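Student: 3D model of this:
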Amino acid sequence: MRSPSIILAAFLSSVVLTSTANAESVMQVYKSEFCGCCKDWITHVESAGIKVEAVNIDDLNGKKAELGLPQELSSCHTGVIDGYLVEGHVPADDILRLLRERPAIKGLSVPGMPHGSPGMETGRLDHYKVFAFDQTGKQPEVWSEYNQ
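Tutor: Residues are numbered from 1 along each chain as shown. Below you'll find the predicted structure:
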């Protein structure tokens, strides 16, 4: 029979390995070189501990189509992390929840560019929803809501 200290050490090693794997995830964010709100959103996400590699591209709509993002869920930038799409001004807490829970979805989206969402702090607070969507993009479900 193993001693409690060996079992505890094995458990802590697995926790450290799991945390390290998640901490090493890098989100590629496809955006326009000239988009200020995209830069502000990236700052928001990085301040939550999510590593970001920004990729400036000219044909952003083409990249969204290539990734399988439904047009009705579109916004100004698209992130990809651990196989998930993160479209638009999704709050970092929702991304962290996505990575923690790992649901069987394609990704999260905040369609459009609602005021008051991360990166869109203009002084006005619009009500907005974060949607979870599947491979088809049909009938996205509400993941969270803000500024109600």
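Student: how about the helix or strand harbouring Arg100: buried residues?
Tutor: Taking DSSP states H and E as the criterion, Arg100 maps to helix 92-101. For helix 92-101, burial by neighbour count (16 or more other Cβ atoms under 10 Å) applies to Ala92, Asp94, Ile95, Arg97, Leu98, Leu99. Bear in mind the C-beta positions are built from the backbone N, C-alpha and C, glycine included.
Student: what's the neighbour count on the residue nearest to Ile42 when sequence neighbours are not counted?
Tutor: Of all residues not flanking Ile42 in the chain, Val52 sits nearest, at 5.1 Å (Cβ to Cβ, 6 or more residues apart in numbering). Per other Cβ atoms under 10 Å, the neighbour tally for Val52 reads 16.
Student: contacting residues around Val52?
Tutor: Val52 is in contact with Val26, Met27, Gln28, Val29, Ile42, Val45, Glu46, Gly79, counting by Cβ atoms under 8 Å, 6 or more residues apart in numbering.
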